[in-house]
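> Predicted model and sequence below, questions to follow.
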Amino acid sequence: MDDRKYRRLFSDLPNIVTNRLILRKISEKDLYDMYAYSREEEVSRYLMWSPHLNIEETRGHIEYLVKEYRKGRCTDWGVALKETDELIGTCGFASVDMRNNKAEIGYVLSPLHRGKGYMREAARAVVHTGFDKLGLNRIEARILVGNTASERLAENLGFKYEGTLRNALYIKGEYKSFSYYAITAEDYFNLSNG
């Protein structure tokens, strides 16, 4: 990956507008919206972090994100409803491996907004940005075993199942297994042109 493309895109994270959503930087104004969903046990059940214990924990996370934006290192967009600007989740790249020209996608959605296709819309826009703007060769999704909704989303976006790593990470007091999904640039552009 061209380091300049990466720095150019993420030095001032651009808004991405879809039919119903705006993917944008997260800011202090999102504090209450983020806290409303990040405190829910259901939200972090299949993630590596635990529910936020109080609003100060959410504030600290937002402050961290703002610092990362300033450094051009944050690759997480806030997912906001276009009509109201309410933050309903996040979607972006959990990691970017410039040497191998690949990234790992990650996403979180408020339970109040599930089942409406919002995350499919947001993730599709992020995948497009990865391949079209960054020129990535591969985007991966690491999904905790049992998270069937996330697996369905990955498959719906054209990701292919590549295998499961059993007891791969120690999270929240136990070993967890992860299924790995990926889509390559070739897969993506074939789907887009087909």
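Arrived safely.

> Quick check: buried residues in the lengthiest helix in the chain?
In the chain, with assignment by DSSP state H, the single longest helix is helix 55-71. Residues of helix 55-71 classed as buried: 58, 61-62, 65, 69 (neighbour count, 16 or more other CB atoms under 10 Å). In short, each C-beta sits where N, CA and C put it, glycine included.

> Determine the set of other helices and strands touching that helix.
Helices and strands touching helix 55-71, by 3 or more CB pairs under 8 Å, 6 or more residues apart in numbering; DSSP states H and E, are helix 31-38.

> which residues are contacting whatever helix or strand comes next after the helix it packs on?
Per DSSP states H and E, the first helix or strand lying C-terminal to helix 31-38 is helix 41-44. Residues from elsewhere that reach helix 41-44, judged by CB atoms under 8 Å, 6 or more residues apart in numbering: 37-38, 50-51, 108-111.

> Can you list which of those are found in strands?
108-109 (DSSP state E).

> Out of the contacts of helix 41-44, which end up buried?
Applying 16+ other CB under 10 Å to those flags 37-38, 108-110 as buried.

> all helices for the protein, in order.
Using DSSP H, helices in the chain cover 3-11, 31-38, 41-44, 55-71, 118-128, 148-156, 185-193.

> Got the confidence number for the nearest residue to residue 73 once chain neighbours are set aside?
Take residue 73 and drop its neighbours on the chain: the residue closest to it by CB to CB, 6 or more residues apart in numbering is residue 10, 6.8 Å away. For residue 10, the pLDDT comes out at 71.

> Residue 10 reaches residue 72, doesn't it?
Yes: under the criterion of CB atoms under 8 Å, residue 10 makes contact with residue 72 at 4.8 Å.

> low-scoring stretches of the protein, by residue?
Within the chain, the segments meeting pLDDT under 70 span 1-3, 5-9, 74, 194.

> again, only this time at 90
When residues are selected by pLDDT under 90, those of the chain lie in 1-14, 41-53, 67-76, 98, 133-134, 169, 171-173, 191-194.
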